[in-house]
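In: make a model of this:
(2 chains)
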There are 2 protein chains.
Amino acid sequence: MKMTKFFCDISMSLDGFVAGPGITLEEPLGKNGEHLHDWVLRLASWRSQHGQEGGETGPDDDLVRATQARPGAVVMGRKMFSGGSGPWESDPNADAWWGDNPPFHVPVFVLTHHEREPVVKEGGTTFTFVTDGIESAVAQALAAAGDKDVLLSGGASIVQQSLRARLVDELHIHVAPRLLGGGVSLFGDLGADAPQLTLKNVVESPFVTHLSYEVERT
Amino acid sequence: MKMTKFFCDISMSLDGFVAGPGITLEEPLGKNGEHLHDWVLRLASWRSQHGQEGGETGPDDDLVRATQARPGAVVMGRKMFSGGSGPWESDPNADAWWGDNPPFHVPVFVLTHHEREPVVKEGGTTFTFVTDGIESAVAQALAAAGDKDVLLSGGASIVQQSLRARLVDELHIHVAPRLLGGGVSLFGDLGADAPQLTLKNVVESPFVTHLSYEVERT
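Out: Residues are numbered from 1 along each chain as shown, chains lettered A, B, ... in the order given. From the prediction side, this is the model:
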């Protein structure tokens, strides 16, 4: 029995958005969307992962550090990868946001409608482009992760597809104390496809509330 | 300076709904919406307020008991009052859900488009119908509450109106560990009218997560 987990870890506003209104290439998280991540940018664990020194320690940092250690592979959507859509030739951000040494350091599987050869970056990050659906992306990621877990990184569309397909084992939501007022809804309208949840853990800090749920696969 | 607070206290699903899809008079909270309140129905404080004996004690119960002691008046929307809309003569639930002795025991101000004489119930609950807008309803409730606070009870429409008008001092959200998949969104799309929040307190239990925020009035 495979004991590795497919877990989603994502920051959300209290009104349920993972990005604000008015998304552009210059403002990929929309208006005020970047503030959903204020809590993590200050942490030593996040700074270290992104090649920066210093940062705060404490419960938030402990939690992020533990999460960073888990994934042996990452699954993300095309929108999170480049912000674009359509053929890669016409995507001005086809090389993504993260430069030569992305912060993943494991195989990353990008769900897209448009075929593309894998991209090998420095530091252990490879991007593989999967065009035959979310089940295939998750299966490939689980195989690549070995004994480690697979991180579902976002955005909203791939999270919803994964929940509908009953692929997600754990949901880790970082609720930022903020109302974005609009934008990209994390859960949208899952309808009758919404799975059951069990609350597993809550960690609080002045800057964010971390809610962890087990997700029923049936 | 008036130190009394206008506070919203409401249960919400993780995907942001206060009622599920398919609302009817028989199922006023929509499909599975009643489960948002599972956590409170088991508590001694809630049972006592509703004339029932027994029930559980603990952190959830302490929190509900403290909240019950606060309001000197309540503000609610027409939908929460009767589930109906339009003229009262054609509202089959014009007498509301709570019988002769509603659980409020204070003046309740119901925001509606349709004028109606006040209704006096047993146990100290009076229903006053306010047709000149949310500011008026809140002002009348604050005056009636004296030194006590005013509870904004719901539903979503009046919560959004109150947030847009910068009337709310505190937001107490009970996040049920559940995805409803659709229904009535608590915050909707507030747009640029969304106020700033400050996280004040988190109380956790296996059944619900209580998030308290201070809301900026400017």
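
In: could you list the low-pLDDT ranges of chain A?
Out: A:1-2 (pLDDT under 70).

In: the helices in it, which residues?
Out: A:38-41, A:44-49, A:59-68, A:78-82, A:134-145, A:156-164 (DSSP state H).

In: residue contacts, the most centrally placed residue in chain A?
Out: Nearest to the mean C-alpha position of chain A, counting by Cα atoms, centre = their mean, stands A:S153 at 1.5 Å. Residues in contact with A:S153 (Cβ atoms under 8 Å, 6 or more residues apart in numbering or on different chains) are A:9-10, A:74-76, A:80. All C-beta spots, glycine's among them, are computed from the backbone N, C-alpha and C.

In: where do the strands sit along chain A?
Out: Remark: strands assigned in chain A by DSSP state E are A:6-13, A:17-19, A:71-77, A:107-111, A:119-120, A:126-130, A:149-154, A:170-176, A:184-185, A:197-204, A:209-215.

In: can you list these in JSON lines and add distance to A:G55?
Out: Output for the strands of chain A, formatted as JSON lines (distance: least, Cβ to Cβ, whole Å):
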{"stretch": "strand A:6-13", "distance to A:G55": "17"}
{"stretch": "strand A:17-19", "distance to A:G55": "23"}
{"stretch": "strand A:71-77", "distance to A:G55": "20"}
{"stretch": "strand A:107-111", "distance to A:G55": "24"}
{"stretch": "strand A:119-120", "distance to A:G55": "29"}
{"stretch": "strand A:126-130", "distance to A:G55": "27"}
{"stretch": "strand A:149-154", "distance to A:G55": "21"}
{"stretch": "strand A:170-176", "distance to A:G55": "17"}
{"stretch": "strand A:184-185", "distance to A:G55": "28"}
{"stretch": "strand A:197-204", "distance to A:G55": "18"}
{"stretch": "strand A:209-215", "distance to A:G55": "17"}
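
In: ok so, going back, what about the helices of chain A, which gets the closest to A:P28?
Out: Distance to A:P28, taken as Cβ to Cβ, is lowest for helix A:78-82 among these, at 8.7 Å.

In: look up how far chain B lies from A:L179.
Out: 4 Å (Cβ to the nearest Cβ, to the nearest Å).

In: count of residues packed around the closest residue to that residue other than its chain neighbours?
Out: Nearest residue to A:L179 in three dimensions, chain neighbours excluded: B:A194, at 3.8 Å (Cβ to Cβ, 6 or more residues apart in numbering or on different chains). Counted with other Cβ atoms under 10 Å in any protein chain shown, residues neighbouring B:A194 total 22.

In: where's B:A194 relative to B:G188, distance?
Out: Distance, B:A194 to B:G188, using Cβ to Cβ, to the nearest Å: 10 Å.

In: possible to save the helices of chain A as a markdown table with mean neighbour count and distance to A:L25?
Out: Below are the helices of chain A laid out as a markdown table (neighbours: other Cβ atoms under 10 Å in any protein chain shown; distance: least, Cβ to Cβ, whole Å):
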| stretch | mean neighbour count | distance to A:L25 |
| --- | --- | --- |
| helix A:38-41 | 18 | 21 |
| helix A:44-49 | 18 | 23 |
| helix A:59-68 | 17 | 27 |
| helix A:78-82 | 22 | 9 |
| helix A:134-145 | 19 | 24 |
| helix A:156-164 | 21 | 18 |
